[in-house]
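K.L.:
Sequence first, then the predicted structure, then my questions.
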Amino acid sequence: MANSLHLPRNSHYSIRNTQLVSLRSHLAPTSLIPIGLDIVRAEGCYLYDKVGKKYLDLISGISVSNLGHGYPKITEAIKHQVDQHLHLMVWGEYVQAPQVVFAKNLIAQLPNSLDCVYFTNSGTEATEGAMKLAKRVTGRHEIIGCFNAYHGSSQGALSIAGDEWLKNAFRPLIPGTRQIRYNHIADLEYITQHTAAVFIEPIQGEAGALVPGNGYLAALRKKCNETGTLLVFDEIQTGFGRTGKLFCFQHSGVVPDILMLGKALGGGMPLGAFIANQDLMNSLAHDPVLGHITTFGGHPVSCAAGNAALEVLLESDLIEKVAEKEASFHRQLIHKKIMAIHGQGLLLAIEVADFEEVQQTIKYCLGLGLVTDWFLFNTHCIRLAPPLTISEEEIAWACETIKKALDSF
């Protein structure tokens, strides 16, 4: 499979020179030419640029804004916490009520074995913390990930990611890592008594929203139990209702030893976390002391926002309606150029013939005010990850717009 990272993002979009010059003058780039939309306001499922054009957001900032933009309860929580205090001290030294309240509310939704939260700044940092925890607890150094997996872009997270082209420019990376094929039970033989942990996504996001077959995660859990290996679920993209359950692992009933969260965790604010059993987490506090530390992880404003978002999800019927909204996309996205739709809930991938069709569709949709995107490790799928608050009317318009785009070339 060709890698989409070989292809420049600028082929998707027409960018105003003034925007591009401004962006390039002061900010470090992540690609040769970024998207360049100049958004000045966001509300609900819509983004608004500086000339007043509105865009229906079908990607939620890559699964961050699960409740859309500017959700009142979240903004109220942010404003309230700003009036109380911002950063006080590095992680774990002071009692900061927003951290405590949010951690307790998270743990209340999880199995008893996942009863201790370590907040970080991002999902990538959750990966780093989970990697250290696995090594510290097991005394082993080997960590296994999957081909076409993505767990972040820091050196540790990149080491267990599954794309060689993405990694090669930054070698040497962390030794003792290897990849297995996702959803291939035969590859579980590579998990041994030398393996500290297996990091896996319950739905493989950047590979194009691939859902594992029945029994795969259970077989993986069994193998980890047999070898004394920790099972780590990366729910950075799939968490907080996106798949129709609060957490994706609840569909299978397979419980990980460590759960990683990010993206939607902060309700639009930067926040990540790794969650494990208290006995495991205690190992980071001694030999050495401060075995894992962060200055801004669990920032009180981010925790207040995240807790408000969690409360909305628990009090509303948004998660219950995800399956119905998924069915609406499937029912309306019928077109001769659509080969398949992968994924679960509101993390979907529209498969077309090739990356050229992906590019053309994204470009056309953007011109009509619809924001879609692609996947890092899948060159022939279009990303759909709208806010859970999207309405049936908005779904219908989005589907018609995508089909118009496919008819345009």
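P.N.:
That came in fine, so what should we check first?

K.L.:
From now on I want contacts and neighbour counts done on CA atoms only, so please keep to that.
P.N.:
Noted.

K.L.:
Which positions within stretch 304-311 qualify as buried?
P.N.:
Across stretch 304-311, burial judged by 16 or more other CA atoms under 10 Å covers 304-310.

K.L.:
Tabulate those residues in CSV, adding columns for distance to Ala157.
P.N.:
Putting these into CSV (distance: CA to CA, whole Å) gives the following:
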residue, distance to Ala157
Ala304, 27
Ala305, 26
Gly306, 24
Asn307, 26
Ala308, 29
Ala309, 27
Leu310, 26
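
K.L.:
Can you flag which of those residues belong to strands?
P.N.:
Applying DSSP state E to the buried residues of stretch 304-311, no entry is found in strands.

K.L.:
Please tabulate those in a markdown table, including the columns distance to Lys263 and pLDDT.
P.N.:
As requested, the buried residues of stretch 304-311 are exported to a markdown table (distance: CA to CA, whole Å; pLDDT from 0 to 100):
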| residue | distance to Lys263 | pLDDT |
| --- | --- | --- |
| Ala304 | 15 | 98 |
| Ala305 | 12 | 98 |
| Gly306 | 10 | 98 |
| Asn307 | 14 | 98 |
| Ala308 | 15 | 98 |
| Ala309 | 12 | 98 |
| Leu310 | 13 | 98 |
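
K.L.:
Return the set of buried residues in stretch 78-94.
P.N.:
Result for stretch 78-94 [16+ other CA under 10 Å]: buried residues 78, 81, 91-92.

K.L.:
which residue is nearest the middle of the protein?
P.N.:
Gln237 (2.3 Å; CA atoms, centre = their mean).

K.L.:
now the end-to-end length of stretch 201-216.
P.N.:
Using CA to CA, to the nearest Å, one end of stretch 201-216 lies 12 Å from the other.

K.L.:
re the thing from before, name the nearest of the buried residues of stretch 304-311 relative to Leu246.
P.N.:
Distances from Leu246 to these, taken as CA to CA, are shortest for Leu310 (9.2 Å).

K.L.:
Leu158 versus Leu173, what's the distance?
P.N.:
8 Å.

K.L.:
and these two? which has more neighbours close in?
P.N.:
Using other CA atoms under 10 Å, the more surrounded residue of Leu173 and Leu158 is Leu158, with 24 against 17.

K.L.:
Can you pull the phi and psi angles for the more buried one?
P.N.:
In terms of degrees, to the nearest 10, the main-chain angles of Leu158 are phi -70, psi -30.

K.L.:
do the same with Arg178
P.N.:
Dihedral angles for Arg178 - degrees, to the nearest 10 - are phi -150, psi 170.

K.L.:
Just give the closest residue to it, not the sequence neighbours.
P.N.:
Nearest in space to Arg178, with sequence neighbours left out and distances taken as CA to CA, 6 or more residues apart in numbering, is Ile144 at 5.0 Å.

K.L.:
Would you double-check that that neighbour falls in a strand?
P.N.:
Yes. Looking at Ile144 with DSSP: H, G, I helix; E, B strand; the rest coil, it is inside a strand.

K.L.:
ok, now which ones touch it?
P.N.:
Listed by CA atoms under 8 Å, 6 or more residues apart in numbering, the contact partners of Ile144 are 160, 177-180, 191, 195, 197-199.

K.L.:
what's the farthest-apart pair in those residues?
P.N.:
Ile160 and Ile191 (14.3 Å).

K.L.:
follow-up on the earlier one: now, which of the buried residues of stretch 304-311 lie within helices?
P.N.:
Members of the buried residues of stretch 304-311 lying in helices (criterion: DSSP state H): 304-310.

K.L.:
From the buried residues of stretch 78-94, pick the one nearest Asn148.
P.N.:
When the buried residues of stretch 78-94 are compared against Asn148 (criterion: CA to CA), the nearest one is Trp91, at 32.6 Å.

K.L.:
distance of the closest one from Gln81?
P.N.:
For Trp91 relative to Gln81 (CA to CA), the value is 18 Å.

K.L.:
again, but for Ala149
P.N.:
For Ala149 relative to Gln81 (CA to CA), the value is 36 Å.

K.L.:
same thing with Thr372?
P.N.:
Taking CA to CA, one finds Thr372 at 33 Å from Gln81.

K.L.:
ditto for Phe274
P.N.:
From Phe274 to Gln81 the distance is 23 Å (CA to CA).
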